[in-house]
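> Structure for this input, please:
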Amino acid sequence: MHDILTSGERELLLNIPQDKRGPPEARRFRRSDCALPVELWVGAERHLCIANDIGLGGLALTVSDSVPRAVRYHVRITLPGHHLEADTKPRWHTANGDLGLAFESLRPEDMWALLQFMGESDV
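Numbers count the residues shown, from 1 in each chain. Next comes the predicted model:
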């Protein structure tokens with residue numbers, strides 16, 4: 001599939017507030033509301049954030065400082081009894097810097113811990 005937007009058009013689109021973007025994409029995975037501490041890494045730069053919601057597909061973050069825009073972020077999330085680390089790609093951001101991130105991949109133990117946290121597993 002070829003990208004039909006230029007990088008400038010893509011940047012403009014990402015700056016449109018969520019409520020003005022039209023119908024949201026259907027999510028493949030359910031999300032759960034939360035308030036989890038997250039370390040967001042951009043290269044060697046660390047930012048402390050709070051995840052507002054999380055699921056197997058990704059998470060939404062509230063950031064406390066100015067996070068540089070990047071094509072990829074690394075996250076460290078503390079779940080009860082488990083530390084999850086994953087590379088992510090940005091899906092959206094707001095004018096105040098909040099981010100929506102999609103997991104690039106999760107290890108099986110990370111998936112299990114997320115499902116446990118979300119109350120979706122009987123194991």
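> Flag the shaky bits of this structure, pLDDT-wise.
Applying pLDDT under 70 to the chain flags the ranges 1-29, 120-123.
> So which residue is dead centre in it?
When CA atoms, centre = their mean is applied to the chain, the residue found nearest the centroid is Leu101 (2.3 Å).
> give me the element that residue is part of.
strand 99-103 (DSSP states H and E).
> ditto for Thr62
Secondary structure assignment for Thr62, by DSSP H and E: strand 58-63.
> strands paired with that strand, and their directions?
Using DSSP bridges, strand 58-63 pairs in its sheet with strand 45-55 (antiparallel), strand 99-103 (antiparallel).
> still on that earlier bit, could you name the helices and strands sitting against the following helix or strand past the strand holding Leu101?
As assigned by DSSP H and E, the chain's next helix or strand after strand 99-103 is helix 108-118. Packed against helix 108-118 by the contact rule (3 or more CB pairs under 8 Å, 6 or more residues apart in numbering; DSSP states H and E) you find strand 31-42, strand 45-55, strand 73-79, strand 82-93. For the C-beta atoms, the positions are set from N, CA and C on the backbone; glycine is no exception.
> Adding distance to Leu79, write the strands paired with strand 58-63 out as TSV.
Converted to TSV, the strands paired with strand 58-63 look like this (distance: least, CB to CB, whole Å):
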stretch	distance to Leu79
strand 45-55	9
strand 99-103	14
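> Single out the most deeply packed of the ones you listed.
Comparing those by mean neighbour count (mean count of other CB atoms under 10 Å), strand 99-103 comes out on top with a mean of 21.
> quick one: that one to strand 82-93, angle?
Between strand 99-103 and strand 82-93, the angle comes out at 120 degrees (axes from the mean of the first three to the mean of the last three CA atoms, to 10 degrees).
> Can you give the contact residues for strand 99-103?
40, 49, 56-61, 63, 67, 73, 75, 86-93 (CB atoms under 8 Å, 6 or more residues apart in numbering).
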